[in-house]
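Q: For reference, the sequence and a predicted model appear below.
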Amino acid sequence: MSNKDFKQYGKDFLLNQEIWSMTDRLELLEQKVFKNKKTYPATAAQKMLILYHLGLLDKILSTQNEISHAKQAKLLSLVISASDENIRHYLSFINLPESEIKTESNYEYLVQTFEEQGLNKIAQDCEEILKSIQNKKDKRKTK
């Protein structure tokens, strides 16, 4: 890297840091002025788990005699803004005790979300699942 390139890199780096700092300050001001808590959008897997724990997924799946699995996935994909291919994938194992969408981070999100909405019973159920996931993770680490 030439001296000129290095100087430009340093300037770009400092400029990016200043932009990030300004962005952080702006977000803080917006939170104070608008009294809004910064929210993080749920992933498709988290949305599927929310529907699952609210019992809404069972309602949709109970239409299996009327519409195909693919059409159910298409309807769900419209509701949660995800590809019907991903939804079909999630549907194939969401009821299994161990599935790839039942992760620690997904359940941390669910516990927080249900608590914030005052759905304490569902939050407790999710907390139990989260503890189970964490215990299994700890057991794998000790092996």
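A: Nice, thanks for sending it over.

Q: got any ranges where this protein has weak pLDDT?
A: 1-18, 20-22, 24, 26, 28-32, 34-40, 141, 143 (pLDDT under 70).

Q: domain parsing for the protein?
A: 1-37, 44-142 (automatic domain parsing).

Q: can you put the ones you listed in TSV and add mean neighbour count?
A: Any C-beta I mention is one placed from the backbone N, CA and C, and that applies to glycine too. Shown next, in TSV, are those (neighbours: other Cβ atoms under 10 Å):
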stretch	mean neighbour count
domain 1-37	10
domain 44-142	15
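
Q: roughly how far out does stretch 131-143 sit from the chain middle?
A: Distance, stretch centre to chain centre, for stretch 131-143: 21 Å (Cα atoms, centre = their mean, to the nearest Å).

Q: List the contacts of it.
A: Applying Cβ atoms under 8 Å, 6 or more residues apart in numbering, the contact partners of stretch 131-143 are K102, T103, E104, Y107.

Q: What about those residues, which are in helices?
A: Counting by DSSP state H, these place E104, Y107 in helices.

Q: can you tell me which two in the contacts of stretch 131-143 are farthest apart?
A: Between any two of the contacts of stretch 131-143, the greatest separation by Cβ to Cβ is 9.0 Å, found for K102 and E104.

Q: Next one: S81 from A44, what distance?
A: 8 Å (Cβ to Cβ, to the nearest Å).

Q: now swap in L78 and tell me
A: Separation of L78 from A44 (Cβ to Cβ): 12 Å.

Q: go on, E128?
A: Remark: distance between E128 and A44 (Cβ to Cβ) = 24 Å.

Q: Could you export the contacts of stretch 131-143 as JSON lines, including distance to E66?
A: Compiled in JSON lines, the contacts of stretch 131-143 are given as follows (distance: Cβ to Cβ, whole Å):
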{"residue": "K102", "distance to E66": "28"}
{"residue": "T103", "distance to E66": "32"}
{"residue": "E104", "distance to E66": "36"}
{"residue": "Y107", "distance to E66": "32"}
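
Q: anything in contact with each of L78 and A44?
A: Here L78 and A44 share no contacting residue, scored by Cβ under 8 Å, 6+ apart.

Q: so who does C126 touch?
A: Going by Cβ under 8 Å, 6+ apart, C126 touches H53, Y107, L110, V111, F114.
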